[in-house]
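A.B. asks: Okay, sequence plus prediction incoming.
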Amino acid sequence: QVQLVESGGGLVQPGGSLRLSCTASGFTTGNYVMSWYRQAPGKERELVAFMISVGGKARYADSVQDRFHIARENRTYMWLQMNPLKPEDTAVYYCGARHSSFAYDPAHWGQGTQVTVSS
């Protein structure tokens, strides 16, 4: 059974930085696409970034391009460096994974970690 655990959220001032981590367990053999999503109050969950594979290309939402950086150190560990943060980045951030070579919409989700950007 796949489990995803996020960590690293918190309260930060505008212009500050945070690094979120996601640790996966229960992966079978084969490739897993890993991703970050977020959901702000009153809004739908949206894609932030994803990587098809370890060492593969990253893809970002326009709203975070050039501010966020996603990386996978191995098959089961991923992080998201975020800076500079803006108030509109406030949301619950979720780690996602799918057993696939190309599809990035998650079949598995973490429990989420809160990021609040406020002065």
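C.D. replies: Yep, it's here. Numbering: from 1, shown residues only.
A.B. asks: Not counting its own residues, what contacts stretch 67-79?
C.D. replies: 8, 19-25, 27, 32, 34, 36, 48-51, 53-55, 58, 60, 80-86, 95 (C-beta atoms under 8 Å, 6 or more residues apart in numbering). C-beta coordinates here come from the backbone N, C-alpha and C atoms, glycine included.
A.B. asks: Narrow those residues to just the buried residues.
C.D. replies: Neighbour-count burial (16 or more other C-beta atoms under 10 Å) applied to these gives 8, 20-22, 24, 27, 32, 34, 36, 48-51, 54, 60, 80, 82, 85, 95.
A.B. asks: what helix or strand does the residue nearest to the spatial centre of the chain sit in?
C.D. replies: By C-alpha atoms, centre = their mean, the chain has its centre lying nearest to W36, at 2.4 Å. W36 is part of strand 32-39 when elements are defined by DSSP states H and E.
A.B. asks: Which strand residues bridge C22?
C.D. replies: Beta-bridge partners recorded for C22 (DSSP bridges): E6, M78.
A.B. asks: Is it in contact with Y32, as I believe?
C.D. replies: No. Counting by C-beta atoms under 8 Å, C22 does not reach Y32; the two are 11.3 Å apart.
A.B. asks: rewinding a little: of the buried ones among the contacts of stretch 67-79, which belong to strands?
C.D. replies: 20-22, 24, 32, 34, 36, 48-51, 60, 80, 82, 95 (DSSP state E).
A.B. asks: Need the max-distance pair from those residues.
C.D. replies: Y32 and M82 (22.2 Å; C-beta to C-beta).
A.B. asks: related to what we said a few turns ago, report all helices and strands that the strand holding W36 contacts.
C.D. replies: With contacts taken as 3 or more C-beta pairs under 8 Å, 6 or more residues apart in numbering; DSSP states H and E, strand 32-39 sits against strand 18-25, strand 46-51, strand 77-82, strand 91-99.
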